[in-house]
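Chemist: Predicted structure and sequence below. I'll ask about it afterward.
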Amino acid sequence: MKTPARIAVVIPAYNEEQFLKQCLDALDTQIVKPDVVYVVDNNSTDGTARIAKSFSFVTVLKEPVQGICAATKRGMDEAGNTSDIILRCDADSRPNRDWIEKTMHAFRSSQNIGAVTGPGIFYDTSKWKAAFFYVTYMLPYFLSVGLAVGKVPLFGSNMAIKADVWREMSNKTHLTNRQDLHDDIDMTYHLPETTHVKFDAGLRMPISARPFRSIRSMKKRYSTGLESIKMHWPEHSPLAVYKKRILRRYPTR
């Protein structure tokens, strides 16, 4: 009998006491239970760590380098050493009960799949605003970033990756030494070239619309995204990516 895959969930967190409990409650009711949830406390000054420690299935990790990039890598590295599948969401995520179940089903659909991702939907705003943000932000993220990186981009609030894939790419990322980057985009750039990322439109993650309430927050998101793309060009430009794919499929003799 095949041994079940060990599943870890990684949640980077900085001053997230307002949202974290609801996220962990949602993970506690999953149809397919995670073996461990890593909450990475990124120097929080509120009750984030206390809330995390109140859940028996949570392991709290400390990351002294301030920034979501460093916190994400800390959790992903820990999970990569203890698990087979690493899921990643945010403290303001509200995973549906079948989130892990659907993610694992996506991996089982093909041995070639190294990562799975899906979109976010906004739960704490009006329906029309949620639809507007989805059309003007969520879909353009996958389309524009996908074109820029030449592959399906990971969405950090709703993604999963095989641990062996992560271990191969971990030290190639810039998540430790650059906190001015978009962690999702940087991870996408450094996925192994042969890794297939499955985008599942039905794997929707309820997330907070709080970024849209602050011009500063949205400006930061766009600036880190542009900086992430800028620093990887021209080596990882779409032209270079597609050229490598063509040469790999049709090698010169």
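Modeler: Happy to help now that I have it.
Chemist: what comes into contact with the helix or strand containing Y222?
Modeler: Element membership of Y222 [criterion: DSSP states H and E] is helix 215-232. Counting by CB atoms under 8 Å, 6 or more residues apart in numbering, helix 215-232 makes contact with 145, 148-149, 174, 178, 180-182, 185-186, 189, 210-212, all of which sit outside it. To be clear about C-beta, it is placed using only N, CA and C from the backbone, and glycine gets the same treatment.
Chemist: Any chance of JSON lines for those, columns pLDDT?
Modeler: Rendered in JSON lines, the data for the contacts of helix 215-232 read as follows (pLDDT from 0 to 100):
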{"residue": "V145", "pLDDT": "93"}
{"residue": "A148", "pLDDT": "88"}
{"residue": "V149", "pLDDT": "89"}
{"residue": "H174", "pLDDT": "95"}
{"residue": "R178", "pLDDT": "93"}
{"residue": "D180", "pLDDT": "93"}
{"residue": "L181", "pLDDT": "94"}
{"residue": "H182", "pLDDT": "94"}
{"residue": "I185", "pLDDT": "96"}
{"residue": "D186", "pLDDT": "96"}
{"residue": "Y189", "pLDDT": "95"}
{"residue": "R210", "pLDDT": "94"}
{"residue": "P211", "pLDDT": "90"}
{"residue": "F212", "pLDDT": "90"}
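Chemist: most centrally placed residue in this structure?
Modeler: G156 (2.1 Å; CA atoms, centre = their mean).
Chemist: Next, that one: phi, psi?
Modeler: Here the main-chain torsion angles of G156 (degrees, to the nearest 10) amount to phi -60, psi -30.
Chemist: Over to V37?
Modeler: Backbone torsions of V37, given as degrees, to the nearest 10, read phi -120, psi 120.
Chemist: Repeat that for P211.
Modeler: The phi and psi values for P211, taken as degrees, to the nearest 10, are phi -60, psi -30.
Chemist: For it, the count of nearby residues, please.
Modeler: Other residues within reach of P211 by the criterion other CB atoms under 10 Å amount to 16.
Chemist: same check, this time on R210
Modeler: There are 14 residues near R210, going by other CB under 10 Å.
Chemist: Quick check: nearest residue in space to it, chain neighbours excluded?
Modeler: Nearest residue to R210, sequence neighbours excluded (CB to CB, 6 or more residues apart in numbering): D92, at 6.7 Å.
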